Each structure stands twice: as structure tokens, then as C-alpha cells.
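**Q** Test case, fold it:
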Amino acid sequence: MLIAPIHDNEEARIQTLRNLNVLDTAAEERFDRITRLAKRLFSVSICLVSLVDENRQWFKSCQGLVASETPRDISFCGHAIHHEGAFVVNDATKDERFSDNPLVTEAPHIRFYTGHPLTMPNGMRVGTLCIIDDKPREFSQDDKIALQDLAEMVVSELVSIQQTTLDELTGISNRRGFEVLANQAMATWDRNEVGSCLVFFDLDYFKQINDNHGHEAGDRALKAFANLLTQEFRDSDVIARFGGDEFLVLFCECNEGHVTFALERFQRALKKHNDASNEPFELAYSVGVASRKAKQKLDVTQYLDLADREMYQVKARHHDAR
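**A** Sure thing, here's the model as predicted:
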């Protein structure tokens, strides 16, 4: 069995995939409609919207297969994302790359596979729309064109999701994106008996930055703060611009010491940024922290309210101190 290679752009590809805010989300009719259509059009037993993550391929839509994901190292889609057009395997049992693959020798007994890469506007291929059958078959040029059309429909839907869950200015999740990711993360952490912490940041003096230096300066302040958050917190943390000058970080496996350490590290990074900056303003913030135990009856809205109230109490104390 030949394991698909990892190319030099892998880090950028994975980041593009993660920025879609779609991994491990629930099935959606917009994607299921396309896979049902492809399954009927090509008369195959399986059709998938497969997103190739770091160590797995995860199925956003799945027709004809029970599994929700498989390891990347045995995936056909891991090979297909390195092709510009359709990647066709007419008979996997006669292809030395796949003949001893467990997906061929065991269920679902893949014989025919074709995957068209899902290529995002930045050129990164995040997965495939693929069709699979347990019988060998040919795939014509007209078939390839039809599959490409359907794959482009999938890409359009992925772009639509991204546009509604990402903050246009900073490039991190917006409020809707945060709620989607936070619900996913909390469900996973509950299953694994893991608690979490929510940190609510509010930029201080943001109105003065806009009033004194203009809205372009305010935009630069927001982008700089978002960049610091993504640099100083972990890739596994959920980071978002909640709205206006408010930002959120949700992370798991935390205790009071962990939160203190993380916030002290972030404050040092902020000071370093301010010291090196040529801007006519400095970044400053107030912060509130809330915690949630595993399986605690505390939904995302209530969690946000707790952290928000903590933050405003801190901000009020700062105001009183002045």
C-alpha cells in the first residue's frame, strides 16, 4: 500500500481547512443534496464530501457508508488532493498503490474510486467530492466534467459557510463561528470528562483610538490584537472576535494556575508588541474569566454571560482606579 505524500504546503492547507469552521459539524442538507445527486447520477454505492485533516479524512456528507471518518494514511482522498482534476482508480485490486489497502481487502471493498479535489479560492485543496463502488468501472471525460461541476457546488457551499462564520477584518471566527465551534468543542470535552475556561477580552480606550487617530487606526488595533491572540494561544483553542472591540478565547484542561500563566504570557507578548510598535497608540485590555466543569448544565450563551459579567466588573474597577 502506498501512503499519500505530504506536500510542502501542508501547513497552509490545514490552516485553510480549519478556517472553514466545518470539521466535526452536523450533517447539512446543502451537502447531502449534492452527494445524493452524485450517487444517483453515477450509479455508485457510496458518495462522500471528504475533508482531509492532519491525521484523518472526515465526512461532512456521507451516502452509503456508516463511518464518519477514516485514518488519512489509508485514504484514497489523501492521494486525490494532490491532483488538479479527477483522481480515478478503475479497479483498486489491480492498482499497486491500493490493492492491499484495508478499505479494499475489507469493507467497504472499494474497487472503483474517483475523487475530485475541493479547491478553495486560495488554491488549497481541502478534500474531495468522491464516488465509490464495489465493482470496477470506467469513467469517461464527460463523467469527469459532471463530477467537477458537483465538486464546485460543494466548494461554493464551503465558501458560504466561511463567509458567515469568519470576521472579515481580522480573519478569525466571528460570533456565529464561535458559537458553532464552542458547541462542538464543549460536546467533545463533555464526552472526555474535560472542563474548560472562557476568557473574555475587551480592548480599553478603543473609542479614543478611533476618535483621536481615525477608524483605520482602530482597524489596525483590532487586527493587531487578533494576531496576538492567535500567536499566543494554542491552535486547539477557539479564538473569536465577538463583536466591536470584544474578543474570546475558549480552551480546555485548564485550572486557575493554567489561566494565570496563559494570561501572563499574553500580557508579556502585548507589552513586547507595544514597545516595538510605531503606532500612535498602545493596546490595552480588560479581561474576564469563567470556567465550566465537564457536563455542567451551562450552555454557550450562559457561559458567555458569565465571562462578560466578569470582564465588566474588572473594567469597572479599572475605571474607579483612574
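
**Q** per-residue pLDDT, D8?
**A** pLDDT, D8: 88.

**Q** measure it to H82 for me?
**A** Relative to H82, D8 is positioned 12 Å away (criterion: C-beta to C-beta, to the nearest Å). Bear in mind the C-beta positions are built from the backbone N, C-alpha and C, glycine included.

**Q** Could you count how many residues lie near I34?
**A** Counted with other C-beta atoms under 10 Å, residues neighbouring I34 total 21.

**Q** before we move on, what about the one 5 residues further on?
**A** The local packing count at K39 equals 19, with neighbours defined by other C-beta under 10 Å.

**Q** With N21 instead?
**A** Count around N21 with other C-beta under 10 Å applied: 23.

**Q** Between D8 and H82, which has more neighbouring residues?
**A** H82 (13 against 7).

**Q** and that one, what does it touch?
**A** 4-5, 7, 125 (C-beta atoms under 8 Å, 6 or more residues apart in numbering).

**Q** Which of those residues has the largest number of neighbours?
**A** Using other C-beta under 10 Å as the neighbour criterion, R125 leads these with 22 neighbours.

**Q** With secondary structure and distance to K223 added, can I get the contacts of H82 in TSV?
**A** Conversion of the contacts of H82 to TSV gives the following (DSSP: H, G, I helix; E, B strand; the rest coil; distance: C-beta to C-beta, whole Å):
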residue	secondary structure	distance to K223
A4	coil	36
P5	coil	35
H7	coil	29
R125	strand	28
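
**Q** Columns distance to S156 on top of the residues you listed, output as a markdown table?
**A** Below are the contacts of H82 laid out as a markdown table (distance: C-beta to C-beta, whole Å):
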| residue | distance to S156 |
| --- | --- |
| A4 | 26 |
| P5 | 28 |
| H7 | 25 |
| R125 | 15 |
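
**Q** helices or strands up against the helix or strand Q15 falls within?
**A** Secondary structure assignment for Q15, by DSSP states H and E: helix 10-19. Here helix 10-19 is seen to pack against strand 125-133 when contacts are counted using 3 or more C-beta pairs under 8 Å, 6 or more residues apart in numbering; DSSP states H and E.

**Q** Now do the strand it packs on, average pLDDT.
**A** Average pLDDT, strand 125-133: 98.

**Q** That one pairs with which strands?
**A** strand 46-52 (antiparallel), strand 112-119 (antiparallel) (DSSP bridges).

**Q** Nearest to L304, out of the ones you listed?
**A** L304 lies closest to strand 46-52 among these, at 28.0 Å (C-beta to C-beta).

**Q** immediately after that closest one, which helix or strand?
**A** The helix or strand immediately downstream of strand 46-52 is strand 56-63, counting by DSSP H and E.

**Q** any idea how far that following strand is from the chain center?
**A** Taking C-alpha atoms, centre = their mean, to the nearest Å, the mean C-alpha location of strand 56-63 is offset from the chain mean by 14 Å.

**Q** Show residues contacting it.
**A** Under C-beta under 8 Å, 6+ apart, the answer for strand 56-63 is 22-25, 27-28, 31-32, 34-36, 39, 46-51, 65, 67-72, 75, 77-78, 127.

**Q** Give the buried subset of these as a ChimeraX selection command.
**A** Listed next is the ChimeraX selection for buried residues among the contacts of strand 56-63, using 16 or more other C-beta atoms under 10 Å:
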select :22,23,24,31,32,34,35,39,46,47,48,49,50,51,69,70,72,75,77,78,127
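
**Q** Which of the contacts of strand 56-63 fall within strands?
**A** Judged by DSSP state E, the contacts of strand 56-63 include 46-51, 69-71, 127 as members of strands.

**Q** farthest pair in the residues you listed?
**A** It's C47 and P71 that sit farthest apart of those, by C-beta to C-beta, at 20.1 Å.

**Q** I'd like the average pLDDT over stretch 102-117.
**A** On average, stretch 102-117 scores 96.
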